[in-house]
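K.L.:
Got a predicted model here, sequence first, then my questions.
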Amino acid sequence: MEGLKKFEQIFQEVLLYSGLSPDHAKILSQRMFSIYQGYLLLGRISDDTSYLKNARKNMIETYREYRTFHGI
């Protein structure tokens with residue numbers, strides 16, 4: 001579990017660096033980490049690395065939509 005928390009913390013630090021407030025960065029990092037975990041699991045199950053490309057695309061879209069929705 002420690003490794004998973006560290007990974008989520010990395011997401012949060014990147015989001016803070018992008019200019020999000022700590023509250024927004026925490027919420028969005030949890031969402032993005034969930035997206036990443038889902039795509040990683042799909043990639044492992046199917047042995048298809050294209051899921052990682054989809055994860056990247058989906059996380060970027062989620063970030064943009066979040067900022068737009070919250071007027072950030």
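P.N.:
Alright, I've got the coordinates. Residues are numbered from 1 along each chain as shown.
K.L.:
shaky segments in this protein?
P.N.:
Flagging of the chain using pLDDT under 70 yields an empty set of residue ranges.
K.L.:
Check which helix or strand the spatially most central residue of the chain maps to.
P.N.:
Centrality entry for the chain: nearest residue to the mean C-alpha point is residue 32, 2.2 Å, by CA atoms, centre = their mean. Taking DSSP states H and E as the criterion, the element that holds residue 32 is helix 22-46.
K.L.:
by contact count, what packs against the helix or strand just after that helix?
P.N.:
Towards the C-terminus, the helix or strand next in line after helix 22-46, according to DSSP H and E, is helix 50-70. Using 3 or more CB pairs under 8 Å, 6 or more residues apart in numbering; DSSP states H and E as the contact criterion, the secondary-structure elements in contact with helix 50-70 are helix 22-46. The way it works is simple: take the backbone N, C-alpha and C, and place the C-beta from them, glycine included.
K.L.:
okay, the angle between the helix it packs on and helix 50-70?
P.N.:
160 degrees (axes from the mean of the first three to the mean of the last three CA atoms, to 10 degrees).
K.L.:
and helix 22-46, which residues are buried?
P.N.:
Within helix 22-46, the residues that qualify as buried by neighbour count (16 or more other CB atoms under 10 Å) are 24-29, 32-33, 35-36, 39, 43.
K.L.:
of those, closest to residue 64?
P.N.:
residue 28 (11.0 Å; CB to CB).
K.L.:
Residue 62 is in contact with that closest one, correct?
P.N.:
Yes - using CB atoms under 8 Å, residue 28 is in contact with residue 62, at 7.5 Å.
K.L.:
Tell me, how many residues neighbour residue 56?
P.N.:
If you count neighbours by other CB atoms under 10 Å, residue 56 ends up with 13.
K.L.:
Same question for the one 10 residues further on.
P.N.:
Residue neighbour count, defined by other CB under 10 Å, stands at 17 for residue 66.
K.L.:
Now do the contacts for it.
P.N.:
24, 28, 31, 72 (CB atoms under 8 Å, 6 or more residues apart in numbering).
K.L.:
Now for those: which two are most distant?
P.N.:
Spatial extent of those (CB to CB) is set by the pair 31 and 72 at 14.5 Å.
K.L.:
From residue 31, how far off is residue 17?
P.N.:
Relative to residue 31, residue 17 is positioned 17 Å away (criterion: CB to CB, to the nearest Å).
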